[in-house]
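Novice: Sequence and computational prediction follow.
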Amino acid sequence: MNSMPSHTFRLLGISGSLRAGSHCTALLAALRELVASRAALEISTLHDVPIYNADLDGETQAEGVLRLKRAISESEGLVVISPEYNYGMPGVLKNAIDWASRPGFSSPLRGKPVLVITVSPGMFGGVRAQSQIRDALTATLARPVVRQQLAVPTIDKKLIEGRLVDPATSDLLIAGFDDLLVDIQRLRMSPAGTGG
């Protein structure tokens, strides 16, 4: 069924929502449990990342920015889970991508495999935001996983008290996660590494 190696992958999960009861953050926690035997998934929120300002993009950056960049650098791949706001990605997530994309063409995102997942209480699962997220990541020279979009509709009925109760959604997330690990393993075996 799964031909992944038994050693652990080092991954970073980023929630695109700041809400205390965020479905995105809760789904990251549920996914972390599902994949615990194969990957260490650290979860990051974006509460302490300030609004991007090129005047502040120098040697002395906010601690939240430095922490985000360090966590991305130390990971082998990212799992980004986001809601959709007004047909698009949340500003807080775009802001984090903008910070992490610096310095241009040699940022921590360059060559980094990224699994993008969107969620919504509605019927479309945030699919419109997903396109924006993938475009923004591609602009940073990150490597969004090439696969069918992972958009989870009616998330409020599938994630109950922090537990993923829908087996079909669990299977879909695991399939996407496996694709991410395949991309990472391919980079591990490449002489070029993650340099893109």
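Specialist: Here it is on my side, so go on. These figures come from a predicted structure and were not determined experimentally.
Novice: Excluding its own residues, what touches stretch 87-97? List them.
Specialist: With contacts defined as Cβ atoms under 8 Å, 6 or more residues apart in numbering, stretch 87-97 is touched by 14, 16-18, 46, 49, 51-52, 68, 80, 82-83, 85, 109, 128-129, 132-133, 136-137, 140. To be clear about C-beta, it is placed using only N, CA and C from the backbone, and glycine gets the same treatment.
Novice: List only buried entries from those.
Specialist: Among those, those buried by neighbour count (16 or more other Cβ atoms under 10 Å) are 14, 16-17, 46, 49, 52, 68, 80, 82-83, 85, 109, 128-129, 132-133, 136-137, 140.
Novice: can you tell me which of those residues are in helices?
Specialist: 68, 128, 129, 132, 133, 136, 137 (DSSP state H).
Novice: Quick one: those residues as a markdown table, columns for distance to residue 181 and pLDDT too.
Specialist: Shown next, in a markdown table, are those (distance: Cβ to Cβ, whole Å; pLDDT from 0 to 100):
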| residue | distance to residue 181 | pLDDT |
| --- | --- | --- |
| 68 | 23 | 97 |
| 128 | 27 | 95 |
| 129 | 24 | 97 |
| 132 | 25 | 97 |
| 133 | 20 | 98 |
| 136 | 23 | 98 |
| 137 | 18 | 98 |
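Novice: and these, which two are the farthest apart?
Specialist: 68 and 128 (25.0 Å; Cβ to Cβ).
Novice: any idea of the pLDDT on the most centrally placed residue in the chain?
Specialist: Against the mean C-alpha coordinate of the chain, by Cα atoms, centre = their mean, the closest residue is residue 80 at 1.7 Å. pLDDT, residue 80: 98.
Novice: now do residue 52
Specialist: At residue 52, the model reports a pLDDT of 96.
Novice: That one contacts residue 101, doesn't it?
Specialist: No. Look at residue 52 against residue 101 with Cβ atoms under 8 Å: they stay out of range, at 9.3 Å.
Novice: quick one: the residue sitting furthest away from the middle of the chain from residue 104, how far?
Specialist: Relative to the mean C-alpha coordinate of the chain, counting by Cα atoms, centre = their mean, the farthest residue is residue 55 (26.9 Å). According to Cβ to Cβ, to the nearest Å, residue 55 stands 16 Å off from residue 104.
Novice: What of residue 146?
Specialist: Distance from residue 146 to residue 104, counting by Cβ to Cβ: 24 Å.
Novice: since we're on residue 142, how many residues are nearby?
Specialist: 26 (other Cβ atoms under 10 Å).
Novice: Next one: it from residue 49, what distance?
Specialist: Computed as Cβ to Cβ, the residue 142 to residue 49 distance reads 17 Å.
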